[in-house]
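Colleague: What follows is a predicted structure for the sequence shown.
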Amino acid sequence: MSNKKYYFSGWEFDCNQDTIKHDSQPNVQKLEPQLAALLRLLIENRKQVLSKAQLNEALWPNTVVEENSVYQILTKLRKKLADPPKQSNIIRTFPKKGYQFIAELEEENTRKQSIVKELSTKRHFKLSTWLIVLLATFSAIAYYSTKQPSTNETTYISKELTTDLGLESWPTPHPENGSYLYIKDEHQLKLTNDNQNTKIIFTSKNRLFYPAWSDSGNQIAFWQFDGDYCQLSVLNVITEELTLSSKKSCDYLERIIWLNTNQVVALFRQNGISAPYQYNIDTDKFIQIPLLLNKDEYLKTAVKAWQDELYYVVIDGNYNSRLIDSNGNTNLKWQHPVKFAAFDKKSQRLIINDKSKHTGLKSVGVDGNIQPIIKTAQGIFSSIATSTDGDIYATAENWQVNIKDKNDLPIFSSTTLDYLPVSNILGETAFMSRRDGFCQIYLYQNEKVQQLSHFDNYDTVKFVQWSPDLQLILTNRDNSAYIYNRQGLVQTFPLSTNILPTSFGWLSNKKVYSFDGKFLRYYHFTGERSAEFILNANFVHYQYNSQTWWLFKEDNLYSVNGELLNEQGMDKRISLNLKQRKNISDVRIINKHIYWKSRHKNRDYIWQYSTLKASIVLMKTGKFIWSYDINAKDEMTTAIKENIEGNIYLFSKE
């Protein structure tokens with residue numbers, strides 16, 4: 001790393017410290033490792049245009065990254081430098097070619113002489129001016145093709161409504177005027193009026209979800225969630241009175257839709273199952289709305305659409321979606337999972353995500369006619385809403401995944417969707433990634449990444465494990481087993497369960513086990529089931545080198561000797577508190593230690609149980625610990641989702 005400092009456009013960039021400081025600002029800003037690396041790379045190669053491929057190779061050598069990784073960190077860097085892409089004075093975009101650093105570098109002495117002059121001429125220049133420039137000049141045009149005649153093609157103009165660092169989400173336009181609501185960093189409810197002035201109208205220590213205007217625009221409903229319980233809140237914007245519902249036990253929150261001034265339909269999830277409830281504000285009563293679903297279907301979201309009727313989106317076990325009414329009648333079908341939906345009253349068309357789930361939107365007519373309308377390169381769409389004028393408000397979200405060593409120091413950063421890394425004593429790591437939108441298996445060896453699977457379906461991978469002899473890699477895809485060697489797939493067979501297994505792993509080099517929360521089953525490598533019995537436990541893990549079962553059951557951790565698990569021989573090892581036993585996953589056994597991850601009230605915990613000391617130690621806690629790995633020296637590496645960015649975009653029709 002160069003020790004040199006660079007000076008440009010009023011900025012000082014310290015390569016050694018990864019910091020930037022502007023002459024008009026008193027504070028030094030610390031850059032994320034990838035942002036600092038990108039800025040240094042652009043500066044030191046400023047005489048040439050660097051292509052996306054060149055930047056990918058320099059920033060992520062020998063690594064497969066998703067297509068828009070460079071764009072995401074470049075967007076963050078531009079925000080840090082207050083350098084809007086349409087009026088850039090520092091980093092210029094050359095369409096279809098790449099990017100170039102265009103600011104003039106200054107010598108330190110020359111810079112010091114110019115600072116006094118700059119301060120005198122820019123004394124009254126405010127940071128808000130930069131924000132106005134960003135809001136007024138950021139626009140991009142997205143075209144869509146359609147099955148309708150070309151005369152019906154619509155052009156959407158994109159405008160970035162929010163530019164602050166952090167997460168702005170769940171935009172909700174007012175039904176009559178040009179204002180809109182959104183949630184800022186999960187805990188603030190903000191209102192932006194038609195003059196683009198923003199104020200905080202509600203703050204809570206609880207997480208806030210899904211704000212919704214009433215049809216009159218005089219009331220706002222939204223969720224508050226503390227990790228175990230949720231409350232539906234109603235804010236009267238005229239009197240600023242807040243009505244709170246009784247607390248409901250819930251796992252997660254979904255949409256709120258107003259029926260009238262006193263009733264809403266609210267969706268939330270209990271014990272992993274989503275359901276709609278009609279809530280009466282005056283009586284504080286939640287009444288579950290019965291839905292006629294097929295056996296393998298679950299409720300995803302709801303939308304008020306044609307003729308102001310309420311419709312529900314349900315998804316089946318093959319990830320196909322249906323739009324049904326309250327009587328269970330099918331109105332529309334799609335061969336992909338629909339994650340969110342909004343209704344454009346002006347064109348009488350439904351707005352949903354396309355097959356990519358998160359990067360594209362399409363509109364659907366009542367007759368099923370489909371028109372692709374919008375693609376995003378800013379990350380992924382996480383929520384959408386529509387105004388009475390047919391404009392689309394959407395949150396585009398992206399993040400940084402920081403890989404940290406045993407001392408919690410960053411050693412690598414990326415924007416990829418990598419999960420479940422498992423390393424072996426040969427230094428190889430197998431992992432799952434959603435880089436192409438689907439769960440794929442990768443192998444890192446000899447400083448190169450090789451893709452072992454090539455699927456185009458939405459099956460979920462929850463487990464990745466090396467065989468005892470390190471020759472094979474075991475994974476699941478939904479409720480099927482897939483086994484790979486270092487060249488690719490060698491074996492697959494269905495598991496005898498209709499749900500995803502909660503525990504899955506190797507019994508030996510030729511046998512595997514699966515536990516779905518009720519049945520523990522043994523399988524030969526060929527897929528033949530060799531044993532099955534009912535087991536009362538929350539999570540199980542088999543330690544094949546000592547032929548020991550470890551059971552997380554109710555409030556305790558137990559062990560049982562022998563490959564054939566016999567509950568009569570269970571030995572209680574230690575009691576677990578709520579944080580230690582809630583939502584257990586990713587069990588690892590290294591040397592004489594057992595590691596596992598738990599999740600409670602929106603925080604992740606990694607625990608270590610010592611079989612010698614019979615004690616539990618908290619190794620790591622954080623808000624978004626996506627995954628972790630342990631080497632033979634009991635040293636931990638974690639992958640943590642940090643630096644979350646989410647901006648609200650307005651897509652308006654020309």
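Modeller: Structure's in. What do you need?
Colleague: Helix, strand, or coil at the closest residue to residue 385 other than its chain neighbours?
Modeller: Closest residue to residue 385 apart from its sequence neighbours, by Cβ to Cβ, 6 or more residues apart in numbering: residue 393 at 4.7 Å. In this view, the C-beta of every residue, glycine as well, is placed from N, C-alpha and C. Secondary structure assignment for residue 393 (DSSP: H, G, I helix; E, B strand; the rest coil): strand.
Colleague: So residue 307: helix, strand or coil?
Modeller: The three-state assignment at residue 307 reads helix, by three-state DSSP.
Colleague: The residue nearest to residue 385 against residue 180, yeah?
Modeller: Yes. The pair formed by residue 393 and residue 180 meets the contact definition of Cβ atoms under 8 Å, at 6.3 Å.
Colleague: who touches both of the two?
Modeller: Common contacts of residue 393 and residue 180 (Cβ atoms under 8 Å, 6 or more residues apart in numbering): 161, 171, 172, 173, 648.
Colleague: If you drop the residues flanking it in sequence, what lies closest to the second one?
Modeller: Read that as residue 171. Nearest to residue 171 is residue 393, by Cβ to Cβ, 6+ apart, at 3.9 Å.
Colleague: surely residue 564 meets residue 532?
Modeller: No. Using Cβ under 8 Å, residue 564 is not in contact with residue 532; the gap is 11.8 Å.
Colleague: List phi and psi for residue 195.
Modeller: phi -100, psi 10 (degrees, to the nearest 10).
Colleague: And for it, the neighbour number?
Modeller: For residue 195, the neighbour count with other Cβ atoms under 10 Å is 8.
Colleague: for residue 508, same thing?
Modeller: Neighbours of residue 508 (other Cβ under 10 Å): 15.
Colleague: Which residues are in contact with it?
Modeller: Per Cβ under 8 Å, 6+ apart, neighbours of residue 508: 468, 544, 563.
Colleague: partners of it in the sheet?
Modeller: Here residue 508 sits in beta bridges with residue 511, going by DSSP bridges.
Colleague: Kindly report the same for residue 190.
Modeller: Applying DSSP bridges to residue 190 gives these bridge partners: residue 182, residue 200.
Colleague: from what I can see it touches residue 179, true?
Modeller: No. In this structure residue 190 lies outside contact range of residue 179 using Cβ under 8 Å: 10.5 Å.
Colleague: tell me which residues of stretch 224-236 are tucked away?
Modeller: 224, 225, 230, 231, 232, 233, 234, 235 (16 or more other Cβ atoms under 10 Å).
Colleague: Tabulate those in TSV, adding columns for pLDDT.
Modeller: Compiled in TSV, those are given as follows (pLDDT from 0 to 100):
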residue	pLDDT
224	96
225	94
230	94
231	96
232	96
233	95
234	95
235	94
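Colleague: So which of these is the closest to residue 269?
Modeller: Closest approach to residue 269 among these (Cβ to Cβ): residue 230, at 9.5 Å.
Colleague: List of residues touching the host helix or strand of that closest one?
Modeller: Element membership for residue 230 (DSSP states H and E) is strand 229-236. Contact with strand 229-236 is made by 189, 201-202, 206, 218-224, 241-250, 253, 256, 264, 266, 268, 279, 281, as judged by Cβ under 8 Å, 6+ apart.
Colleague: Contact partners for residue 647?
Modeller: Per Cβ under 8 Å, 6+ apart, neighbours of residue 647: 160, 161, 162, 163, 168, 378, 395, 396.
Colleague: go on, residue 20?
Modeller: Residue 20 is in contact with 11, 12, 13, 14, 28, 29, 31, 39, 80, 81, counting by Cβ under 8 Å, 6+ apart.
Colleague: ok, back up a step: among the contacts of residue 647, find me the one that's closest to residue 598.
Modeller: Out of these, the member with the shortest distance to residue 598 (by Cβ to Cβ) is residue 395, at 28.9 Å.
Colleague: Give the bridge partners for the closest one, please.
Modeller: Counting by DSSP bridges, residue 395 is bridged to residue 383, residue 648.
Colleague: That one contacts residue 382, correct?
Modeller: Yes. With contact defined as Cβ under 8 Å, residue 395 counts as touching residue 382 (4.8 Å).
Colleague: overlap in contacts of the two?
Modeller: 169, 646.
Colleague: Have a look at those two and say which one is more surrounded.
Modeller: Legend: neighbour count by other Cβ under 10 Å for residue 395 and residue 382, higher for residue 395 (24 against 17).
Colleague: pLDDT wise, what is that one at?
Modeller: Per-residue pLDDT puts residue 395 at 93.
Colleague: What subset of the contacts of strand 229-236 is buried?
Modeller: With neighbours counted using 16+ other Cβ under 10 Å, the contacts of strand 229-236 contain these buried positions: 189, 202, 206, 219-224, 245, 248, 250, 253, 256, 264, 266, 268, 279, 281.
Colleague: returning to what we had before: which ones among the contacts of residue 508 are found in helices?
Modeller: Among the contacts of residue 508, no member falls in helices (DSSP state H).
Colleague: Run me through the strand neighbours of the one helix or strand residue 560 maps to, direction for each.
Modeller: Secondary structure from DSSP H and E places residue 560 in strand 556-561. Strand pairing for strand 556-561, using DSSP bridges, gives strand 548-553 (antiparallel), strand 571-575 (antiparallel).
Colleague: export those to a markdown table and tack on mean pLDDT?
Modeller: What follows is these, written out as a markdown table (pLDDT from 0 to 100):
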| stretch | mean pLDDT |
| --- | --- |
| strand 548-553 | 96 |
| strand 571-575 | 95 |
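Colleague: Can you tell me which of the ones you listed is most buried?
Modeller: strand 548-553 (a mean of 21; mean count of other Cβ atoms under 10 Å).
Colleague: Extract the C-alpha set from that one and format it as PDB.
Modeller: Taking Å, rounded to 0.1, in the frame of the first residue of the first chain, the C-alpha atoms of strand 548-553 are listed here in PDB:
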ATOM      1  CA  THR A 548     -21.500 -39.100  18.700                       C
ATOM      2  CA  TRP A 549     -24.800 -37.400  18.200                       C
ATOM      3  CA  TRP A 550     -25.400 -33.900  19.600                       C
ATOM      4  CA  LEU A 551     -29.000 -32.900  20.200                       C
ATOM      5  CA  PHE A 552     -30.400 -29.400  20.900                       C
ATOM      6  CA  LYS A 553     -33.600 -30.300  22.700                       C
END
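Colleague: what about residue 16, how many residues close to it?
Modeller: 11.
Colleague: quick one, phi psi at it?
Modeller: Per-residue torsions, residue 16: phi -70, psi -40 (degrees, to the nearest 10).
Colleague: which residues touch residue 557?
Modeller: Neighbouring residues of residue 557 by Cβ under 8 Å, 6+ apart: 550, 551, 572, 573, 574, 575, 576, 594, 609.
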